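Chemist: Below is the sequence, then the predicted model.
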Amino acid sequence: MSTVRIVAHPVLQEALARLRDKGTKPAEFRRLMGDAGLILGLAALEDLRTAAGKVETPLKTAKVQRIGQPVAFVSVLRAGLGLLPRLSDMVPDAAAGHIGLYRDEETLNPIRYYVRLPKRLPDTKTLLLDPMLATGGSAAEAVRILKTDGAKDITLVCLLATKAGIKRVHREHPDVAIVTAAVDPVLNKVGYIVPGLGDAGDRIFGTL
Ligand code: PRP
Ligand code: URA
């Protein structure tokens with residue numbers, strides 16, 4: 001079943017407001033993107049399988065719930081890296097993968113330049129991280145690459161989406177859940193989300 005979840009948490013929406021602000025400089029932009037990645041990523045992991053265990057507290061044995069399935073965070077380079085740092089600190093045993101894609105400026109088609117993925121993807125809950133879901137071409141291609149490596153349980157974590165991008169991903173991959181902070185109304189002629197936040201990769205890495 002194709003699902004889209006919009007995370008309305010006020011702290012996330014405050015971070016998004018600051019990320020949209022053209023006056024936010026790269027250092028602050030990176031920090032806020034990391035905060036957003038943590039909140040969105042935890043929302044995407046809410047249905048993670050758990051396993052019962054026991055630990056000794058200083059007082060007694062406590063019954064506990066641990067993470068019960070492997071997790072991987074796969075960033076679409078470059079901008080997906082912005083969502084990763086706080087999330088990977090919070091889930092330190094998660095494996096990290098990287099898919100390098102950039103959009104051809106004329107056709108807007110994704111061009112692949114690098115892929116390095118964790119092993120055991122078939123058993124793994126895989127979060128695909130990319131803040132911008134615009135035409136959906138990059139996300140659809142990244143999901144295709146993950147599936148070619150055997151990934152079955154994939155959630156796309158983005159910060160901003162368009163209806164066209166969601167439609168494209170779900171047309172090609174109806175099994176992929178999408179978690180986002182907002183769906184913006186317009187995709188302009190050059191493939192930018194409007195009002196959006198500009199070029200996420202350039203704002204994260206200060207390459208404007
Ligand atoms: C951006 C963004 C997505 C893609 C979204 O990457 O991070 O990967 O565009 O657009 P789409 O939905 O139309 O495919 P970009 O190609 O600008 O590369 P970068 O992250 O290296 O700047
Ligand atoms: N990629 C970006 O970084 N921003 C957009 O608005 C669209 C694609």
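Modeler: That came through fine. Numbers count the residues shown, from 1 in each chain. Ligands and ions are numbered 1, 2, ... in the order given.
Chemist: could you measure the closest residue to ligand 1 within the chain against residue 94, distance?
Modeler: Nearest residue of the chain to ligand 1: residue 201, at 2.5 Å (CB to the nearest ligand atom). Where C-beta positions appear, they are placed from N, C-alpha and C, glycine not excepted. For residue 201, the distance to residue 94 equals 22 Å [CB to CB, to the nearest Å].
Chemist: okay, these two: which has more neighbours?
Modeler: Remark: of residue 201 and residue 94, residue 94 carries more neighbours, 22 against 19, as counted by other CB atoms under 10 Å.
Chemist: What's opposite residue 128 in the beta bridge?
Modeler: Counting by DSSP bridges, residue 128 forms beta bridges with residue 74, residue 156.
Chemist: Would you tell me whether the lowest-mean-pLDDT helix or strand in the chain gets close to ligand 2?
Modeler: Across the helices and strands of the chain, mean confidence by mean pLDDT, DSSP states H and E is lowest for strand 186-187: a mean of 94. No. Using CB under 6 Å from any ligand atom, strand 186-187 stays clear of ligand 2, coming no nearer than 8.0 Å.
Chemist: Alongside ligand 2, which residues does this protein contribute?
Modeler: Contacts of the chain with ligand 2, taken as CB under 6 Å from any ligand atom, map to 79, 132, 134, 191-193, 196, 199-201.
Chemist: Just put those residues in TSV and tack on secondary structure and pLDDT.
Modeler: Below are the residues of the chain next to ligand 2 laid out as TSV (DSSP: H, G, I helix; E, B strand; the rest coil; pLDDT from 0 to 100):
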residue	secondary structure	pLDDT
79	helix	98
132	strand	98
134	coil	98
191	coil	95
192	coil	97
193	strand	98
196	coil	98
199	coil	97
200	helix	98
201	helix	97
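Chemist: nearest to residue 115, of the residues you listed?
Modeler: Closest approach between the residues of the chain next to ligand 2 and residue 115, by CB to CB: residue 79, at 16.5 Å.
Chemist: give me the number of residues near that closest one?
Modeler: 23.
Chemist: my read: it touches residue 131, true?
Modeler: Yes. The pair residue 79 / residue 131 is scored as a contact, 5.2 Å apart, by CB atoms under 8 Å.
Chemist: what is in contact with these two at once?
Modeler: By CB atoms under 8 Å, 6 or more residues apart in numbering, residue 79 and residue 131 have these common neighbours: residue 200.
Chemist: what residues does this structure put near ligand 1?
Modeler: Within the chain, the positions lying close to ligand 1 (CB under 6 Å from any ligand atom) are 76-79, 101-103, 108, 110, 130, 132-139, 165, 191, 199-201.
Chemist: Neighbour count says what about those? Which are buried?
Modeler: 76-79, 101, 103, 110, 130, 132-139, 165, 191, 200-201 (16 or more other CB atoms under 10 Å).
Chemist: name the helices or strands packed onto the lengthiest strand in the chain?
Modeler: Counting by DSSP state E, the longest strand found in the chain is strand 95-103. Judged by 3 or more CB pairs under 8 Å, 6 or more residues apart in numbering; DSSP states H and E, strand 95-103 is in contact with strand 71-77, strand 110-116, helix 137-148.
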